[in-house]
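Novice: Structural data only, the sequence is not supplied:
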Ligand SMILES: [Mg+2]
């Protein structure tokens, strides 16, 4: 097989601010694997979650070193290629894994969800994200989302550097705004590790009183963060979900006894193969699943969407906030996203890339 990757840049329509800062432009890579007249597509790029930081340049350099080593193999020789992919960083592995999976599905003429025997009708509504900002900005973002997708689930970012009082004002403004909407809306909270244990213990019951239905990653990432979650859980009346704390299968096993769910992301775990494994293990451990994204296009979210039938809390909204999404094929009806029906990932390039 022949592999290559091309850099491209995308822009968010509305910049996203979370507890660690704001992002507007996103540095990505289109990964292509060619063999036997079929091209498999994958996406990767810059990832920064505080404790884990990968630049697009570093990921591209890893892939440039990989391509000559993959040349002797066909894309469906998983066992031979596996050890080569195991040495890569998670985002580099994600890009190659998606292109290999896409090639495999295209070669067999089936979308991946069908090859895995999943029921596409089980995809639930995705949450849409409202970042940190002023009360006015949060209300405005909610109205933009209403006009675009009429969401039934909102993910509100908290952990503001302005402190808990500001966080509380954002929650109250959100609840008040949503009261005027025509159908009920679930409000999930994602603090992106912005609180310490005492703050989280104070906020969790208050958030439940306000009607919030879920609390994601309240505590910062630490090697012993499972102890914080063990202490917090008795004070948290709503499901407690980890995101930044869970990158590996080992993280999942460490945290599972102390939380209710995990936010899975392809770039964190290194592609679809590993994320499917982690989803199955998490289910066996009694956890519920969220499936999330970074500033991903329809290509990466189209790949993640293959897993949506397994997921209680879909969270794949990033492509809905891009100025020029270069890809198409991901289905959306209002706030319900479903994987494409075309073979592989079901996603095609819509127009030439702006490299
Ligand atoms: Mg999160």
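Specialist: It's in. Keep in mind the model is a prediction, meaning the values are calculated, not measured.
Novice: And the strands in the stretch 1-150 of the chain, which stretches?
Specialist: For the stretch 1-150 of the chain, the strands defined by DSSP state E, counting those that start in this stretch cover 2-18, 21-35, 38-45, 47-48, 53-54, 128-130.
Novice: For residue 66, find the nearest of those.
Specialist: Closest of the strands of the stretch 1-150 of the chain to residue 66 is strand 2-18, at 6.9 Å (criterion: CB to CB). For glycine as for every other residue, the C-beta is placed from the backbone atoms N, C-alpha and C.
Novice: For residue 1, give me its contacts.
Specialist: Applying CB atoms under 8 Å, 6 or more residues apart in numbering, one finds that residue 1 lies in contact with 33, 34, 35, 70, 71, 73, 74, 75, 103.
Novice: Residue numbers of the chain in contact with the ion?
Specialist: By the criterion of CB under 5 Å from the ion, the positions of the chain lying close to the ion are 190, 243.
Novice: circling back to that earlier point, I'd like the contacts of residue 1 written out as a markdown table, with neighbour count and pLDDT added.
Specialist: Conversion of the contacts of residue 1 to a markdown table gives the following (neighbours: other CB atoms under 10 Å; pLDDT from 0 to 100):
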| residue | neighbour count | pLDDT |
| --- | --- | --- |
| 33 | 26 | 97 |
| 34 | 15 | 97 |
| 35 | 18 | 98 |
| 70 | 22 | 97 |
| 71 | 9 | 97 |
| 73 | 16 | 97 |
| 74 | 16 | 97 |
| 75 | 24 | 96 |
| 103 | 27 | 98 |
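Novice: can I get the strands of the stretch 1-150 of the chain in CSV with distance to residue 225?
Specialist: Formatted as CSV, the strands of the stretch 1-150 of the chain follow (distance: least, CB to CB, whole Å):
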stretch, distance to residue 225
strand 2-18, 18
strand 21-35, 21
strand 38-45, 26
strand 47-48, 19
strand 53-54, 18
strand 128-130, 23
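Novice: For residue 234, which of those strands is the nearest?
Specialist: In terms of CB to CB, the element of the strands of the stretch 1-150 of the chain nearest to residue 234 is strand 2-18, at 27.0 Å.
Novice: tilt between the closest one and strand 38-45?
Specialist: 30 degrees (axes from the mean of the first three to the mean of the last three CA atoms, to 10 degrees).
Novice: centre of the chain versus strand 2-18, how much separation?
Specialist: For strand 2-18, the distance from its own C-alpha centre to the chain's C-alpha centre is 14 Å (CA atoms, centre = their mean, to the nearest Å).
Novice: Just list what that strand packs against, helices and strands only.
Specialist: When contacts are defined as 3 or more CB pairs under 8 Å, 6 or more residues apart in numbering; DSSP states H and E, strand 2-18 sits against strand 21-35, helix 56-70, helix 90-108, strand 153-157.
Novice: quick one: which of the strands of the stretch 1-150 of the chain is nearest residue 247?
Specialist: strand 47-48 (10.4 Å).
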